[in-house]
Each structure stands twice: as structure tokens, then as C-alpha cells.
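K.L.:
have a look; sequence and predicted model below, questions after that.
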Amino acid sequence: MTEPRVPLPRLPSHRMSAPTTDDARTALTSLTGEDVDALWAEVCAEAGVPEGAYLLDLDQMTALADAVAARPGAVGLAGRALAIRVATYRALSTHETTALPTDWARRSMESLLRGRVPDTARMAEILDLDLFSDAARARLDRAARRVAERFGAPIGLVSIVLEGSQQFAGSHGLEGWLAEVGGTPLEWSFCATSVRTREAYIVPDAHSDVIQRTNPLVDQDGVRTYAGVPLVTSRGQVLGNYCLIGSEARSWTAEETAELQAMADALVAELERTRVSGRTTV
């Protein structure tokens, strides 16, 4: 494989730029807080990509993301988030869809989500709960199905918000590229709002919502309604959201939101009984 002479094109349908090596280095630096030169050299060697390259093709970026994701700890989470961005770009690059209109409210929200200061304590909590293991996947898939069936929604998710992407650690009812990738770039995430506010986030009709109406997931991928509540651990960290998605507008009552939050709290309690560290929770 050779380095392309021009950048991979921006995808007009979702306003997505191709991930670059700068994205990977920035994520590693922000999460580790250390000089990453030695680590960078190692992962580039493992991926078989030039250490000093800026523009890589999709196969090279995939190999690089996989090499970073194979690392333990926060570095592995950075690789996992990068892998979702690369896989999203790959999946959408073959779509023939119309370009999104410019919407400054949406652009501001995307900048806010992408520009957050990395929260190393929250990443440590995600690692401690081992949320991406095979055992956790089976448990969280069941939880996603349970909540979808309880509220009669076509899609139920347990979304874990990483730095740069969200990953669906548990899912029910997903189809198409969302099922294939198993996550989205962070700037499209409804769930990231609850990580920031620590409160439920309800969107009865995304088509009329000033923030979400030109979210690519709404404009291009059929999301119409969303109801999500934060997954808050006993240490006060918000992992992501327990959420429901539908393709038709729907109102959500205060009672339904409260029940959804109670289900989320019960799920977190279940997850905390199997912490990796074995430390007793507060």
C-alpha cells in the first residue's frame, strides 16, 4: 500500500472527514497525558504503516486503529474510538445520498461534542467495568432488548460514550451500517448530551428539533425520536446512556422517563457487581 497524494474525500452526506494519523496521535496524547513518540512508533510498526505519514488509505487507518485498540487501558479505548470512526467512514463512503444543508446550530453542537476535555476518570471507570468483554456484550444485548420490548420501541441501546466516538456495547433492532459499525462518531451522538448534563435527554420529534434536525442520523439514517437516560455509577461517573430510538415521532411521559432511569440504575448495579478491580463500591 502506498500513501495517497491527496486526502480521502469529505463525505457530503454526513459531513464526515476521513480520520487521519493526527486524530490518532491527538487522542493518545489527551488520554495518556504523556509523550507518545515511543508508543506511536510501536503501533505504526505493528500496523505496518509509515511512522511519519499523515495521509493513509482506509486499509492503513484500519490497521492502525486495530493496533492501538489492542493495547491495554486508556490507549486501547482510544483505538476503539478511532476504529469506530474509520469503520463509519468506510461504511458510508459507498452510500449515494444527498448532501446535508449547512446548519449553524448543528455545527455548534458538533464542535462542542468534539472539543470536550477528555475525562480520564470516566475512561478509568469504563475500563474497570470491562464493558466490552464477551460476557458484558451478552448481558448488555439482553438489556437492550428488554428496554425496547418494555416501551415498544424498534431499537434499544446501551451506548458507551468514548473520547471521539460512542460504541453500542449492547444493542437490539439495529440495521444497516449502524449495526455493522456498532457505534457512531461522537459529534452525532444523542447520548453524549446526557454525559455532559447528567440528565435524561428526550427528543420527541427530531425533525422539528433545532439541534437534531440536521444531525446526519436524523437527516440521512431515519432516526426520528430518542429517549435516553444516563448510566451513572456509584462513583459518580456517567458511562453513557440507556436509550430508545424510533423512526416515528413519539411523546415520552415523565413516568416513562422515570421508569427508564430506574431500569438504567438497575443495569449499572448489575454491572458493578463484576468490577474488574474487585474493589467494593460505595
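P.N.:
Structure received.

K.L.:
and the next helix or strand past the helix or strand of the chain with the lowest mean pLDDT?
P.N.:
Comparing helices and strands within the chain by mean pLDDT, DSSP states H and E singles out helix 104-114 as the least confident, with a mean of 63. Counting by DSSP states H and E, the element after helix 104-114 in chain order, helix or strand, is helix 120-128.

K.L.:
which phi and psi does the residue positioned nearest the centre of the chain have?
P.N.:
Nearest to the centroid of the C-alpha atoms of the chain, with distances taken as C-alpha atoms, centre = their mean, sits Gln166, at 0.6 Å. Listed backbone geometry of Gln166 is phi -120, psi 140, with angles given as degrees, to the nearest 10.

K.L.:
surely it meets Ile160?
P.N.:
Yes. Between Gln166 and Ile160 a contact is recorded at 6.7 Å, counting by C-beta atoms under 8 Å. Every C-beta, even on glycine, is put in place using the N, C-alpha and C of the backbone.

K.L.:
list residues touching both of those two?
P.N.:
Taking C-beta atoms under 8 Å, 6 or more residues apart in numbering as the contact criterion, the residues that touch both Gln166 and Ile160 are Gly240.

K.L.:
on that earlier part again, wait, what's in contact with the residue nearest to the centre of the chain?
P.N.:
Contacts for Gln166 were tallied using C-beta under 8 Å, 6+ apart; they are 84, 159-160, 183-184, 186, 189, 191-192, 240.

K.L.:
apply 7 Å and report the result again.
P.N.:
159-160, 183-184, 186, 189, 191-192, 240 (C-beta atoms under 7 Å, 6 or more residues apart in numbering).

K.L.:
surely Val68 meets Arg80?
P.N.:
No. Contact status for Val68 versus Arg80: not in contact, 8.3 Å apart, counting by C-beta atoms under 7 Å.

K.L.:
could you check which of the two is surrounded by more residues?
P.N.:
Of the pair Val68 and Arg80, Val68 is the one with more neighbours under other C-beta atoms under 10 Å, namely 27 against 24.

K.L.:
re the thing from before, what sits closest to the residue nearest to the centre of the chain if chain neighbours are left out?
P.N.:
Ser189 (4.5 Å; C-beta to C-beta, 6 or more residues apart in numbering).
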